[in-house]
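Novice: What shape does this take:
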Amino acid sequence: MSVALKFKEFQKESKRAQYGIGHEFGLILSLIDFGNVDYWYEFDNFNRDGKALKDNEKLNVDLEYLKQFCDLFSYNSKFYFGLDSKKKESIHLIASARNFFGKTNVVTKEIQYIQHYLNDLEKKENTRSVTYDIHGQYIKIPKCNFDVEICIDAIRLADKYDTLCLFSGDADFTALLRFLKYQKKKIILIKGGRVLHSLVKASDLVINAQEIKNELVFIKQKSRR
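Specialist: Alright, predicted model coming up:
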């Protein structure tokens with residue numbers, strides 16, 4: 001092994017140790033609920049170096065960084081996120097995900113929009129585009145849940161991994177994690193913010209999104225309204 005490869009392997013091992021991902025976890029499969037991950041840093045006011053963001057700046061998760069982070073410990077990573085085929089930025093995001101994760105590792109489907117009529121308090125706090133009809137003011141809320149797809153893949157591929165690494169804090173996955181633990185699998189949970197205790201209890205290792213912030217984000221200019 002060349003010196004460069006040895007150094008790269010040393011860096012990889014150091015990063016794994018930093019986050020507590022030891023070799024006792026064996027082969028690790030990562031499943032990324034990006035609809036959850038995409039909002040992890042939405043309200044952060046500080047950049048990777050701890051400096052305050054400007055008023056026109058926000059943090060976004062970079063897909064290439066996300067894949068590189070997964071590669072530190074995962075033998076494979078699957079990415080789940082909805083597609084709005086009418087929006088160029090949505091098409092571009094899915095194309096980028098396929099580029100970094102591989103076409104077969106990106107699971108997507110068309111986003112559905114539901115009408116939500118605003119009450120008086122919501123009208124004051126709403127930042128989304130508003131539409132009017134005879135029933136009042138409403139916004140269109142995107143819905144595209146991948147709980148079923150993630151659960152199916154976690155069970156379908158169970159004989160190919162020792163540990164499942166789930167990028168999500170969705171409490172709906174508690175039953176899945178409990179089932180996998182019963183099947184003698186280990187669980188790494190990477191989550192943003194607070195989650196139900198039952199989800200944490202079902203995991204062998206919990207990593208908070210803020211712990212890996214430097215690995216994932218870049219600064220993006222906020223869009224003008």
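Novice: all strands of the chain, in order?
Specialist: 28-33, 57-61, 76-80, 106-107, 112-117, 131-133, 136-143, 163-167, 186-191, 205-208, 217-221 (DSSP state E).
Novice: Grab the nearest non-local neighbour of the residue nearest the centre of the chain.
Specialist: The centroid of the chain falls nearest to residue 37 when counting by Cα atoms, centre = their mean (2.7 Å). Excluding the flanking residues, the one nearest residue 37 by Cβ to Cβ, 6 or more residues apart in numbering is residue 167, at 5.3 Å. Heads up, the C-betas are built off the backbone N, CA and C, glycines and all.
Novice: can you pull the pLDDT of that neighbour?
Specialist: On pLDDT, residue 167 comes in at 97.
Novice: Test my guess that it contacts residue 32.
Specialist: Yes - between residue 167 and residue 32 there is a contact under Cβ atoms under 8 Å: 4.2 Å.
Novice: so how far is residue 75 from residue 205?
Specialist: Separation of residue 205 from residue 75 (Cβ to Cβ, to the nearest Å): 17 Å.
Novice: Looking at these two, which one has more neighbours?
Specialist: residue 205 (17 against 14; other Cβ atoms under 10 Å).
Novice: My read is that residue 144 contacts residue 36, right?
Specialist: No - Residue 144 is beyond contact range of residue 36, at 11.7 Å (criterion: Cβ under 8 Å).
Novice: Compare the two and say which one has the larger neighbour count.
Specialist: The neighbour comparison of residue 144 against residue 36 (other Cβ under 10 Å) goes to residue 36, with 21 against 16.
Novice: For that one, which residues are in contact?
Specialist: 167-170, 192 (Cβ atoms under 8 Å, 6 or more residues apart in numbering).
Novice: TSV please, covering the residues you listed and showing distance to residue 216 and neighbour count.
Specialist: As requested, the contacts of residue 36 are arranged in TSV below (distance: Cβ to Cβ, whole Å; neighbours: other Cβ atoms under 10 Å):
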residue	distance to residue 216	neighbour count
167	10	27
168	14	24
169	15	24
170	18	19
192	11	19
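Novice: Pick the one among the residues you listed closest to residue 49.
Specialist: Comparing the contacts of residue 36 against residue 49 with Cβ to Cβ places residue 192 closest, at 19.9 Å.
Novice: how about the closest one, phi and psi?
Specialist: phi -110, psi 140 (degrees, to the nearest 10).
Novice: So for it, what's the pLDDT?
Specialist: On the pLDDT scale, residue 192 gets 92.
Novice: ok, it touching residue 39?
Specialist: Yes - counting by Cβ under 8 Å, residue 39 is a contact partner of residue 192 at 7.1 Å.
Novice: what's the neighbour count on the residue lying closest to residue 161 once chain neighbours are set aside?
Specialist: The shortest distance from residue 161 to any non-neighbouring residue, by Cβ to Cβ, 6+ apart, is to residue 29 (3.9 Å). Counted with other Cβ under 10 Å, the neighbours of residue 29 add up to 22.
Novice: hang on, isn't residue 29 packed against residue 76?
Specialist: Yes - if you go by Cβ under 8 Å, residue 29 and residue 76 touch, sitting 5.7 Å apart.
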